[in-house]
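S.K.: What follows is a predicted protein model with its sequence.
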Amino acid sequence: MKPIVAGALILMLVGACATIPRFAVQGTFGGRPIDTTVDSPAAAALVEGRAMPPAFEDFLAEPGLPDTVRLKTLAAATSPDAATLALLAKIDRAAPGAALRARYAAFRARLSAGGRSQWPVLAACLSGAGLPEVHFVPGWFYRRNPSTGADFAAQRRVLNALGFTHRLIEIDEDGAVEVNAQAIAAHLRRARAGASGIVLVSTSKGGPETAHALGRLMSADEATAVAAWINIGGILGGSPLADTATTWPISWLARLALSWDGIDARASLPSLTSAAAARRLAVERMPGHLRIVNYVGLPVSGQITAEALDGYRRLRRFGPNDGLTPVAEQWRHGGDVIAAPGLDHFYRDPEIDTATAALAFTVFEALGHDRPATCVRP
């Protein structure tokens, strides 16, 4: 569900990438079936259930979730896919968020088993439950290129079917992060949510924009109505791709490529760099009451879509990445992490309807609303 990154043209201008090694693998990892290719014998060994190397045992024993530097080190010692699989195992084992992940898995399994034919009954059961409103923060070029899903059209259709109140926050699709954060803050100040408050859902570039609105521009009192923030693939720490595209001499080629598509990204692209993100992160403080849930795609190399492939190749030197940013940059503001194995930055989930409903129900229940669980029967 992601926006374009000025198309593959910008990335092609940066130079060619090495071919990714491919080792066919079929098995189960973390209780999930895997039938694809991976980039190393070490990654294949993990999927096939062979002995786990000491480097991975040490990694899994470390407290908390790793940062990009740690994952880069692990990937250099093994391979990016092996590091991705180790990270998936670490997230599965992490105590923080374990209950949330279990509820998400249960909701998803129940909804999948029931099928869409049961949704009218589910909608009737949820009617009048007083659940929070859902406000969406779209991604880059969500109007110009809706095929990416950055406008949350699929998710909004699901919420319509279930009878939930939701809104799309209108922002400048090519605006700088700081400018769009002001628009989000203004929207939230005007919003008159019900007693159950608001659940904000952002994607990609909308992630740092939402974080800056909540963590810098709004007072604690102003942010009280926002009960939770679901951060889907948010590039909170910026993207090395933006770093490259704004550095001479590539910058003028990137600008030329953008202008060819009628896009002037002189404001938005610099705001997506690692340096710009670091300046924002240094001054952002999330409200203490806010429940943060990070929904993070974790693909191995054989699962990358054509849309994300070039960016993924260029970011492999950072270790696990989703084709636009190293994955560890997505939980820079803490919170719980729900992994989406096999999905890259475009989140092409064939069960997107089920995933959307399950994630919404999981967060609603975490906020103290028991109606989803009573309506979704095993």
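M.R.: Here it is on my side, so go on. Numbers count the residues shown, from 1 in each chain.
S.K.: all contacts plus neighbour counts: C-alpha atoms, from now on.
M.R.: OK.
S.K.: For the protein, just list every one of the strands.
M.R.: Listed in chain order, the strands of the chain (DSSP state E) span residues 23-29, 32-38, 133-137, 166-168, 198-203, 226-232, 291-298, 336-341.
S.K.: Could you list the low-pLDDT ranges of the stretch 201-350 of the chain?
M.R.: For the stretch 201-350 of the chain, the stretches with pLDDT under 70 are 249-265.
S.K.: can you give me the helices for it?
M.R.: Under the criterion DSSP state H, counting those that start in this stretch, the stretch 201-350 of the chain contains helices at 206-212, 240-245, 250-260, 274-283, 306-315.
S.K.: so which of the ones you listed comes closest to Ile338?
M.R.: helix 206-212 (15.7 Å; Cα to Cα).
S.K.: and the closest one, what does it pack onto?
M.R.: Contacts defined by 3 or more Cα pairs under 8 Å, 6 or more residues apart in numbering; DSSP states H and E place helix 206-212 against strand 133-137, helix 177-190.
S.K.: how about 10 Å then?
M.R.: For helix 206-212, the packing partners by 3 or more Cα pairs under 10 Å, 6 or more residues apart in numbering; DSSP states H and E come out as strand 133-137, helix 177-190, strand 198-203, strand 226-232, helix 274-283.
S.K.: okay if I get those as a markdown table plus mean neighbour count and distance to Phe318?
M.R.: Supplementary listing: the helices and strands packed on helix 206-212 in a markdown table, determined by neighbours: other Cα atoms under 10 Å; distance: least, Cα to Cα, whole Å:
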| stretch | mean neighbour count | distance to Phe318 |
| --- | --- | --- |
| strand 133-137 | 24 | 27 |
| helix 177-190 | 20 | 24 |
| strand 198-203 | 26 | 21 |
| strand 226-232 | 24 | 20 |
| helix 274-283 | 16 | 13 |
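S.K.: Now render these as TSV, adding distance to Gly49.
M.R.: Conversion of the helices and strands packed on helix 206-212 to TSV gives the following (distance: least, Cα to Cα, whole Å):
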stretch	distance to Gly49
strand 133-137	40
helix 177-190	43
strand 198-203	34
strand 226-232	30
helix 274-283	37
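S.K.: Relative to Gly163, which of the ones you listed is closest?
M.R.: Comparing these by Cα to Cα, strand 133-137 comes nearest, at 10.7 Å.
S.K.: what separates the closest one from the chain centre, distance-wise?
M.R.: The chain centroid and the centroid of strand 133-137 are separated by 15 Å under Cα atoms, centre = their mean, to the nearest Å.
S.K.: quick one: that strand to strand 198-203, angle?
M.R.: Note on geometry: by axes from the mean of the first three to the mean of the last three Cα atoms, to 10 degrees, strand 133-137 and strand 198-203 are set 30 degrees apart in direction.
S.K.: from here on, count from 592
M.R.: That works, and once the first residue is 592, the last one we named lands at strand 724-728.
S.K.: Thr916 and Leu889 touch, don't they?
M.R.: No: in this structure Thr916 lies outside contact range of Leu889 using Cα atoms under 10 Å: 11.4 Å.
S.K.: more crowded one of those two?
M.R.: Neighbour totals were compared for Thr916 and Leu889, and Thr916 leads with 28 against 24 (other Cα atoms under 10 Å).
S.K.: for the more buried one, what are its contacts?
M.R.: Each residue near Thr916 by Cα atoms under 10 Å, 6 or more residues apart in numbering is listed here: 659, 795, 824-833, 902-903, 906-907, 909, 936.
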